[in-house]
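**Student:** Need a 3D model of the sequence below.
(2 chains)
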Amino acid sequence: MAKKVVGVVKLAINAGKATPAPPIGPALGGYGINMMEFIKGYNEKTKDMIGSIVPVEITIYDDRSFTYVTKTPPASDLIKKALGIPAGSGVPNKTKVGTLSAAQIREIATTKMPDLNASDIEGAIKIIAGTARSMGVNVEKN
Amino acid sequence: MEQRWAAMEIPVSGDAQEIVGALLTEAAGCYGYTATPQAVTGYLPVDERLENTLLRLREALDATPELGRPGSAEITIRFVAEEDWATAWKQYFKPQQIGERIVVKPTWEEYAPRPRDVIIHIDPGMAFGTGLHATTRLCLRALEDSVTSGMTVADVGTGSGILAIGAILLGATSAIATDNDPVAVRIATENVQLNEVDDRINVRESSFPPAGTFDIVVANILADVILNLKEELVNAIKPGGLLIASGIIENRAGNVRDGLKSVGLSIVETREEGEWVAILARKVG
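**Tutor:** This is a model prediction of the structure:
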């Protein structure tokens, strides 16, 4: 019996700390799935990564069952780790919180390549540099 | 007071979603975000800080050249009232007949019992085991076929307590239910009381099957957990007794059968529902 997919929901949420609050609640609430079963499974699966954001893609079927896969951490997380800072800037265009070297940017871009659509490493570097700037992180030119 | 949330939807596709996602979680302080192919949405509680945060978010979007022309121009804000999202699924949890006689009844639903019904009252809370999942149904039907009056039963990984309660209501004399999750232990204890079988079911927090010699051990967990516990499981069964193992996805059934045979169990039957299986195995006595 083939099940029909009724929705695919992509979420980026804190590892091990999922709750029914937004964004999870409103994103999944409408599908009538047992949300606590997802939250419990996600938290269990990601409990060793607490402190990181672990994106997850949830596929929901017509019988209200669901499956999900976790993805690599978002670029913002890798940038914070590289700099050893707890959070990006609240006012990124004014307050700067750190500086990444060109080599660090390239390394993060290489890590993220599998999950990006960018066709080459230069494209991936542009995205990582843009993400860094949006967090109030300066980017060193080569 | 009812909490309200501001949903901020920013149209952006492809890799630039990473950048907008970072703005939402870092600059705006959102707890996370959702993404569709066309847009990214973050949520913030509506409070006195919201206006200031939105202002900063708009400025930051405009200062992000990757987004093209002023990025803030296309931000859409909707307000959503907080609902009971966690329990919204409960409207789909209705009384359900499983096997010949068992009826699983959510505590908040009405149900007019028929003469031979065995009714299990369940409020699953945050624990697994509603009868909505194939593995729970496979185990309940297997219990209905196997439990006779006077038996002792162990339920390993009890979740909501549904299988232990079912076993008692089907005629077992006593049961021990274990779970390694304290939340499940609390909910199972509540469900045991709800069904007025607390004098016959002992709920314990434990990762292992209880020591003892039970007529039936039911373990609705996962293939790998069952394989890891196979020796403890077989030790808990009395000679001639039965193991009901489920939570097994069909492509792991062969592995589990081999593992159970290696500890001296003889496979009686493999039952399937959808992509899930339950394996019934007897301890040769």
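**Student:** what stretches of the chain score poorly on pLDDT?
**Tutor:** Here I'm looking at chain A. A:1-2, A:142 (pLDDT under 70).
**Student:** Not quite, go with chain B.
**Tutor:** B:1-2, B:69-72, B:126-128.
**Student:** could you pull out the helices for chain B?
**Tutor:** B:16-22, B:50-62, B:134-146, B:162-169, B:182-194, B:223-228, B:230-235, B:253-262 (DSSP state H).
**Student:** Dump these into a markdown table; add mean neighbour count as well.
**Tutor:** Every C-beta, even on glycine, is put in place using the N, C-alpha and C of the backbone. Output for those, formatted as a markdown table (neighbours: other C-beta atoms under 10 Å in any protein chain shown):
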| stretch | mean neighbour count |
| --- | --- |
| helix B:16-22 | 27 |
| helix B:50-62 | 18 |
| helix B:134-146 | 23 |
| helix B:162-169 | 29 |
| helix B:182-194 | 20 |
| helix B:223-228 | 18 |
| helix B:230-235 | 19 |
| helix B:253-262 | 17 |
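**Student:** Out of those, which is closest to chain A?
**Tutor:** helix B:16-22 (3.5 Å; C-beta to the nearest C-beta).
**Student:** for the closest one, packing partners?
**Tutor:** helix A:75-83, helix A:121-134, strand B:32-35, strand B:39-45 (3 or more C-beta pairs under 8 Å, 6 or more residues apart in numbering or on different chains; DSSP states H and E).
**Student:** and of those, who's closest to A:Phe38?
**Tutor:** Closest of the helices and strands packed on helix B:16-22 to A:Phe38 is strand B:32-35, at 13.5 Å (criterion: C-beta to C-beta).
**Student:** quick one: contacts for A:Asp62?
**Tutor:** Contacts for A:Asp62 (C-beta atoms under 8 Å, 6 or more residues apart in numbering or on different chains) come out as A:3-6.
**Student:** I'd guessed B:Thr135 sits against B:Ile221; true?
**Tutor:** No. Applying C-beta atoms under 8 Å, one finds B:Thr135 not in contact with B:Ile221, separated by 9.1 Å.
**Student:** Now list whatever residues contact both of these two.
**Tutor:** Here B:Thr135 and B:Ile221 share the contacting residues B:246-247, scored by C-beta under 8 Å, 6+ apart.
**Student:** so where do the strands sit in chain A?
**Tutor:** Using DSSP state E, the strands assigned to chain A run over residues A:5-14, A:53-61, A:66-70, A:98-100, A:137-139.
**Student:** who's B:Met8 bridged to?
**Tutor:** B:Gly42, B:Ile77 (DSSP bridges).
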